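S.K.: The following comprises the amino acid sequence and a computationally predicted model.
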Amino acid sequence: MVDEPRRSLDEYGPGEMAIPEWRLLQKVGGDWAKTLGGKPGQFFNKITDELADELNIVVVDILMGRAKWGTEISDAGPVCASMDAKSNLSIYGDDCLQCPDRADAPWALDAAERRVKCCLNYSILGIDLDHDLMPIMLRAHGTSALAMRQLITQLKMNRALRGEYYRALVNIKCQEKSTPFGLTYVIHPKIIQLIEDASKVEELRIESNRLLGAPIPLPEGRPEEEAGPEPLGYTPTGAPFYSEEERARLMAPTPAPTEAPPTTTVPATTPATAEASVAVAPPATPTPAPAPSTAVKEPEPGKEPKETTEKKPLDLDF
């Protein structure tokens with residue numbers, strides 16, 4: 001038998017693969033997919049250009065990361081990220097525990113607040129059972145991050161699996177959710193069946209182990225769910241507003257602080273000042289002069305009695 005020539009392709013492993021990514025279409029973004037007939041709520045394969053209403057996969061692994069996006073809605077990647085949120089280290093080596101923009105529950109925030117936070121996200125590495133066991137990746141951001149935690153709970157707490165996650169057939173659909181900006185779509189995963197065929201289980205085990213370690217790249221462009229609608233405008237300080245009501249609230253004039261009325265300082269009263277004030281204060285009503293008195297006034301102590309010039313009558317009786 002003649003030996004086949006060696007091909008470099010045979011030597012490639014998961015580390016050299018670009019795993020096809022399925023993306024959930026939203027009302028905003030996904031222009032290329034929509035030109036192909038895609039509608040909000042459908043899944044779009046960024047490599048094969050396929051559209052699907054739902055996915056049937058087995059989970060190989062679920063990775064938890066972080067991403068903070070810029071203020072501009074564009075195809076640029078995140079301004080900061082962590083490929084392993086459990087390490088608490090960003091791609092730049094910064095400590096995520098000290099980040100003031102860290103958000104551990106993005107599903108509890110509204111879209112406007114999530115846009116400026118560094119939020120948790122999840123990436124599912126799986127095997128597509130509807131497409132000849134093709135490896136796939138599906139990212140879950142924003143409110144869909146909670147759905148990934150629910151899937152983790154389903155896989156970890158199912159005693160029949162005993163850690164053999166490739167035995168669980170997971171169906172992934174989308175679910176509508178109302179927001180202040182209109183309808184959005186979130187991922188809704190659910191275990192619908194445990195695979196019992198021994199040969200199928202073994203095949204999935206081999207493929208699952210082979211895919212472990214496949215690189216998960218940074219997301220390209222802000223997820224459509226996080227993009228939200230374009231703002232109607234911006235305030236003078238640069239804050240975006242998305243409705244006329246929000247504009248009126250953000251641009252309402254701030255009332256000036258109320259000044260306290262001037263207070264009159266009353267100087268402290270001392271005995272000396274009290275006597276002086278009594279001396280200079282005019283009497284409220286004039287005091288009448290006392291009537292003349294015939295009583296002889298006693299001389300004051302220490303003073304000699306004054307001589308009087310009044311003449312006594314002469315005594316003529318002799």
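M.R.: On my side now, so go ahead.

S.K.: which SSE is residue 191 in?
M.R.: strand 182-194 (DSSP states H and E).

S.K.: Report the strands that pair with that strand, each with its relative direction.
M.R.: Here strand 182-194 has these sheet partners by DSSP bridges: strand 168-179 (antiparallel).

S.K.: about what we covered before: so which bits of the strand holding residue 191 are buried?
M.R.: 184-189, 191 (16 or more other Cβ atoms under 10 Å). Any C-beta I mention is one placed from the backbone N, CA and C, and that applies to glycine too.

S.K.: can I get the residues you listed in TSV with distance to residue 212?
M.R.: Output for those, formatted as TSV (distance: Cβ to Cβ, whole Å):
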residue	distance to residue 212
184	33
185	30
186	27
187	22
188	26
189	20
191	21
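
S.K.: any idea which of these is the one closest to residue 6?
M.R.: residue 189 (41.5 Å; Cβ to Cβ).

S.K.: Return the residues in contact with that closest one.
M.R.: 147-148, 150-151, 154, 170-172 (Cβ atoms under 8 Å, 6 or more residues apart in numbering).

S.K.: which secondary structure elements does the host helix or strand of residue 62 contact?
M.R.: Using DSSP H and E, residue 62 sits within strand 55-68. Taking 3 or more Cβ pairs under 8 Å, 6 or more residues apart in numbering; DSSP states H and E as contact, the helices and strands that strand 55-68 lies on are strand 80-82, strand 118-128, strand 134-140, helix 144-156, strand 168-179, helix 198-211.

S.K.: Now residue 214: closest residue in space, sequence neighbours ignored.
M.R.: Leaving aside its chain neighbours, residue 214 sits nearest to residue 14 (3.8 Å; criterion: Cβ to Cβ, 6 or more residues apart in numbering).

S.K.: thought that neighbour was touching residue 208?
M.R.: No. Using Cβ atoms under 8 Å, residue 14 is not in contact with residue 208, being 11.1 Å away.

S.K.: between the two, who's got more neighbours?
M.R.: More crowded of residue 14 and residue 208, by other Cβ atoms under 10 Å: residue 208, with 21 against 15.

S.K.: so who does the more buried one touch?
M.R.: 58, 60, 127, 165-166.

S.K.: with these in mind, which one is nearest to residue 79?
M.R.: residue 60 (29.3 Å).

S.K.: and the gap between that closest one and residue 127?
M.R.: 6 Å (Cβ to Cβ, to the nearest Å).

S.K.: any common contacting residues for these two?
M.R.: Common neighbours of residue 60 and residue 127 (Cβ under 8 Å, 6+ apart) are 135, 166, 208, 211.
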